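Mind folding the following:
(one chain, ligands or ions: 3)
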Amino acid sequence: MELSLYGWDNEYACALDRACAGQAGQLEAGRVTASSRGWARVVWAGGELDAVLCGALLESAGAARPATGDWVAFEPDTGRIRAVLDRRSCVSRKRAGKANAEQVVAANVDVLFLVMGLDGDFNPRRLERYLLLAAESRAEPVVVLNKSDLCADLMSRLHEIDRLTSAPVVVMSAVATGAVEQLHRYVEPGHTAALVGMSGTGKSTIANALLGGLLQATFEVRAADSRGRHTTTSRELFLLRQGWLLVDTPGMRELEVWSEGGPVEVVFEDIAKLASSCRFSDCSHRGEPDCAVSAAVEAGRLDAERVANYLKLSRESTAQQAKRRDKLLCKAQNRMYRSPLRSKW
Ligand SMILES: Nc1nc2c(ncn2[C@@H]2O[C@H](COP(=O)(O)OP(=O)(O)OP(=O)(O)O)[C@@H](O)[C@H]2O)c(=O)[nH]1
Ligand SMILES: [Mg+2]
Ligand SMILES: [Zn+2]
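Ligands and ions are numbered 1, 2, ... in the order given. This is a model prediction of the structure:
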């Protein structure tokens, strides 16, 4: 298997060198095409294998484990994964439920197709959330408005989306012959794209149309060498005939972005710009005097719902970071408490 087909380049080769430093024996590099709790399917120079996590990697939590799209260093003779190579980008969400934990949707993604239906699924506020997911991931977003055949007021919806992002917007009906071909222009050969969006927006329909006859062929190969529990995988990386790689992901019921902070202002650049002219630097844009954001809403230049969503996503991001800081502080305190130095104090 030629690894460059899967996106291998010099930067990853350097990452492999770093990962190999101090490791006994020869490690090989491979890319994860599917993964589950204790194993990962890996393509490498020697073909494809089901590799296993071991040691610290097996005990590590969520984000440290290999995810679909990751490059890993593994022992070819035992199939043990020793390290996950530094990620170039990482699409992450907050794990559903109460725990403040990161869940990696896909790693090393260059282009993120944000798929939204033009039917009842259409929701600009949700798209803002997905744009934040993209900004946090370091992948380039492309908005895919699917099911155009089910939409009566296409122009007004397009206008609404154009106002909230400068990302490219593709309109299509994935069930129409050849419609998905327009996606090829957004991804270079050797680059990786992922489809994300709510359940039922047509991600797998798009993936199948892109894969064409190849999906069936790929499936047959996998069926021949898969063993029971490994067959049902949630996220898989496919190599397309056009030379780029595609990850189809399961629809998300709820999406809370795993946020590092800054990108909220990137996604809501218009509001952030206005906010810099508010009288108070810590203006909450909720009725303070000389608030430039409220003034823009009153003048009809800015959508009040967009402002509300900006405030909501900012709050979520701040709360997440505070929880993470508390956790780190708590860990540091525990370490100090257990430290032998403490007895000397
Ligand atoms: N009318 C119409 N139906 C579509 C279009 N794209 C997909 N569908 C249909 O929408 C339904 C859901 O499509 P899927 O591709 O399974 O959706 P998904 O996003 O993969 O859903 P999850 O896997 O649950 O996240 C299927 O019945 C598709 O045939 C489209 O452009 N127009
Ligand atoms: Mg699907
Ligand atoms: Zn303000």
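
report the longest helix in this structure, please.
For the chain, the helix with the greatest residue count under DSSP state H is helix 304-338.

which other helices and strands contact that helix?
Counting contacts by 3 or more Cβ pairs under 8 Å, 6 or more residues apart in numbering; DSSP states H and E, helix 304-338 is packed against helix 124-137, helix 263-267, helix 269-275, helix 292-298. Quick note: C-beta positions are derived from backbone N, CA and C, even for glycine.

which parts of stretch 287-297 are buried?
291-294, 296-297 (16 or more other Cβ atoms under 10 Å).

Pull up the residues of this protein that are close to ligand 3.
When proximity is defined as Cβ under 5 Å from the ion, the chain approaches ligand 3 at 278, 283, 285, 291, 293.

for whichever residue of the chain sits closest to ligand 1, phi and psi?
Among residues of the chain, the one nearest ligand 1 by Cβ to the nearest ligand atom turns out to be Gly251. It sits 2.5 Å away. Reported as degrees, to the nearest 10, the phi and psi values for Gly251 are phi -60, psi 150.

before we move on, what about the one 4 residues further on?
Backbone geometry at Leu255, expressed as degrees, to the nearest 10, gives phi -130, psi 110.

That one contacts Leu131, doesn't it?
No. Using Cβ atoms under 8 Å, Leu255 makes no contact with Leu131, being 11.3 Å away.

The residue nearest to Ala83 when sequence neighbours are not counted: what secondary structure?
Beyond its immediate neighbours in the sequence, the residue positioned closest to Ala83 (Cβ to Cβ, 6 or more residues apart in numbering) is Ala19, lying 4.0 Å away. Assigned state for Ala19: helix (three-state reduction, DSSP: H, G, I helix; E, B strand; the rest coil).

Who are the contact partners of Ala19?
Applying Cβ atoms under 8 Å, 6 or more residues apart in numbering, we find Ala19 in contact with 27, 73, 82-83, 85.

what about 6 Å?
For Ala19, the contacting residues are 73, 83, 85, by Cβ atoms under 6 Å, 6 or more residues apart in numbering.

Retrieve the pLDDT associated with it.
Listed pLDDT for Ala19 reads 86.

Could you measure from it over to ligand 2?
With distances defined as Cβ to the ion, to the nearest Å, the gap from Ala19 to ligand 2 amounts to 33 Å.

before we move on, what about Asp162?
If you measure Asp162 against ligand 2 using Cβ to the ion, the figure is 27 Å.

Tell me what the closest residue to that residue other than its chain neighbours is bridged to.
Setting aside the residues directly before and after it, Asp162 is nearest to Val169 in space (Cβ to Cβ, 6+ apart), at 6.8 Å. Using DSSP bridges, the beta-bridge partners of Val169 come out as Val143.

all helices of the stretch 151-300 of the chain, in order?
Residue ranges of the helices in the stretch 151-300 of the chain, as given by DSSP state H, counting those that start in this stretch, are 154-164, 203-211, 213-225, 263-267, 269-275, 292-298.

weakest of those in terms of mean pLDDT?
Taking the average pLDDT of each of these, the minimum falls on helix 213-225, with a mean of 34.

Pick out the residue nearest the middle of the chain.
Using Cα atoms, centre = their mean, the residue of the chain that lies closest to the mean C-alpha position is Val91, 1.9 Å off.

lowest average confidence, helix or strand, in the chain?
Taking all helices and strands of the chain together, the one with the lowest average confidence (mean pLDDT, DSSP states H and E) is helix 213-225, at a mean of 34.

which sections of this protein are below the confidence cut-off?
Regions of the chain meeting the criterion pLDDT under 70 cover residues 24-25, 98, 213-234, 261, 335-345.

Domain-wise, how is it divided?
Listed domain ranges for the chain are 3-84, 90-248, 263-340 (source: automatic domain parsing).

can you list the ones you listed in TSV and add distance to ligand 1?
Conversion of the domains of the chain to TSV gives the following (distance: least, Cβ to the nearest ligand atom, whole Å):
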stretch	distance to ligand 1
domain 3-84	15
domain 90-248	3
domain 263-340	22
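
what residues does the stretch 151-300 of the chain put near ligand 2?
Contact residues, the stretch 151-300 of the chain versus ligand 2 (Cβ under 5 Å from the ion): 203-204.

The residue of the chain closest to ligand 1: neighbour count?
15 (other Cβ atoms under 10 Å).

which ones are touching it?
By Cβ under 6 Å, 6+ apart, the residues touching Gly251 are 198-199.

quick one: it and ligand 3, what's the gap?
For Gly251, the distance to ligand 3 equals 36 Å [Cβ to the ion].

what's the distance between Cys291 and Cys278?
Summarising the geometry, the distance separating Cys291 from Cys278, computed by Cβ to Cβ, to the nearest Å, is 5 Å.

same question, Asp149
When Asp149 is compared with Cys278 (using Cβ to Cβ), they lie 44 Å apart.

Settle it for me: which of the two has more neighbours?
Shown here are Asp149 and Cys278; by other Cβ under 10 Å, Cys278 has more neighbours (19 against 13).

next one: phi and psi at the more buried one?
The phi/psi pair for Cys278 (degrees, to the nearest 10) reads phi -70, psi 150.

Pretty sure it sits against Pro289.
No. In this structure, Cys278 is not within contact of Pro289 by Cβ atoms under 6 Å, at 9.4 Å.

what residues are shared contacts of the two?
Joint contacts of Cys278 and Pro289 (Cβ under 6 Å, 6+ apart) do not exist.
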